[in-house]
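Engineer: generate a structure from the sequence data that follows.
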Amino acid sequence: MIQNPILPGFHPDPSICENYYIATSTFEWYPGVQIYHSRNLRDWTLVGRSLDRAEQLDLRGVQDSCGVWAPCLTHADGRFWLIYTDVKRKSGSFKYCHNYLVTSDTIEGPWSAPTYLNSSGFDPSLFHDKNGRKWLVNLTWDYRRRPTASGGIVLQEYDHGQGKLVGPVTNIFRGSAHGLAEGPHLYQSDGWYHLLVAEGGTGMRHAVTMARARDLTGPYELHPDTHVVTSRFHPEATLQRAGHGDIVETPDGETYMVHLCSRPRRPGIRRSVLGRETAIQKCK
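Structural biologist: Alright, predicted model coming up:
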């Protein structure tokens, strides 16, 4: 039986890929991005910290709670792909951040020198389409909108041969009425593109929202329940702040979602001394 959280303590923003590897944010701590491995989705072992050289991550001068946000770990074309945001400043509505890609033939590394992608927002994710093309999705900032300034989720093609983003930038999803769509992940199944995003901020209103479309660029229609994971309507639940999810399929066709959560000291007290942790749920 799986007991949550599967990664207790400071393990926010989990990203999971096949053969069960999870990458989590490390913020201003170094080396950057912790990666765990499991064979059964229950027992997890730290196998590495991928950003271990100054050329990959230079944290000098960053504010508290800046640094590495929301890594995305995928496996395709015989290698591992790791996307991450390096946040230099987060004060006010302006977020000064850059998005990068590193790759490795093995999960233990060594990981490549970083490829710069963009600076339009944070929480980037790399989607490997079945037709062989690759696409980057990330939150984009609209500084005319305050205080959150979230402008939705944008999509742009990534050409690995050229080592850069190419083609037009398309805003594919503005989010639900809950607001602040971030942390996007794209999946492809049964003729549909499925988009998973985090919404509501990372506090007690946090949620995982799902939408789908026949075409990669949309239009995306919301899931009938809007949120597929959230604790916001259950203040008595042990796991709070449930949000920022990612999905993996097992070899026998089952689906699981990892997501961040926290455990307040007691009901009515929002302080969670262990920070944001990683939990897992079985999906249908």
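
Engineer: only C-alpha atoms for contact and neighbour calcs from this point on.
Structural biologist: Noted.

Engineer: after the helix or strand in which residue 185 is found comes which helix or strand?
Structural biologist: Using DSSP states H and E, residue 185 sits in strand 182-189. Toward the C-terminus, strand 182-189 is succeeded by strand 192-199 as the next helix or strand (DSSP H and E).

Engineer: quick check: mean pLDDT of the next helix or strand after that next one?
Structural biologist: Per DSSP H and E, the first helix or strand lying C-terminal to strand 192-199 is strand 207-213. For strand 207-213, mean pLDDT rounds to 98.

Engineer: strand 207-213 vs strand 182-189, what angle?
Structural biologist: Going by axes from the mean of the first three to the mean of the last three Cα atoms, to 10 degrees, strand 207-213 is angled at 40 degrees with respect to strand 182-189.

Engineer: tell me the strands beside strand 207-213, with direction?
Structural biologist: strand 192-199 (antiparallel), strand 221-230 (antiparallel) (DSSP bridges).

Engineer: on that earlier part again, got the buried residues for the strand holding residue 185?
Structural biologist: 182, 183, 184, 185, 186, 187, 188 (16 or more other Cα atoms under 10 Å).

Engineer: pLDDT below threshold where in the protein?
Structural biologist: Along the chain, segments meeting pLDDT under 70 span 92-94, 143, 145-149, 267-268.

Engineer: thinking again about what came up before, now for the buried residues of strand 182-189, which pair is the farthest apart?
Structural biologist: Distance extremes for the buried residues of strand 182-189: the farthest pair is 182 and 188 at 19.1 Å, using Cα to Cα.

Engineer: redo the buried residues of strand 182-189 as TSV? Include distance to residue 169.
Structural biologist: Converted to TSV, those look like this (distance: Cα to Cα, whole Å):
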residue	distance to residue 169
182	16
183	17
184	15
185	17
186	16
187	19
188	20
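
Engineer: tell me the one of those residues nearest residue 30?
Structural biologist: For those, the residue nearest residue 30 by Cα to Cα is residue 183; the value is 22.0 Å.

Engineer: going by contacts, tell me the helices and strands next to the strand holding residue 185.
Structural biologist: Under the contact criterion of 3 or more Cα pairs under 8 Å, 6 or more residues apart in numbering; DSSP states H and E, strand 182-189 touches strand 125-128, strand 134-141, strand 150-159, strand 192-199, strand 240-249.

Engineer: quick one: residues contacting the nearest residue to residue 200 once chain neighbours are set aside.
Structural biologist: Excluding the flanking residues, the one nearest residue 200 by Cα to Cα, 6 or more residues apart in numbering is residue 206, at 4.7 Å. Listed by Cα atoms under 8 Å, 6 or more residues apart in numbering, the contact partners of residue 206 are 198, 199, 200, 230, 231, 232, 241, 242, 243, 244.

Engineer: mind redoing it with 6 Å?
Structural biologist: By Cα atoms under 6 Å, 6 or more residues apart in numbering, the contact set of residue 206 is 199, 200, 241, 242, 243.

Engineer: tell me the one of the buried residues of strand 182-189 nearest residue 159?
Structural biologist: residue 186 (17.4 Å).
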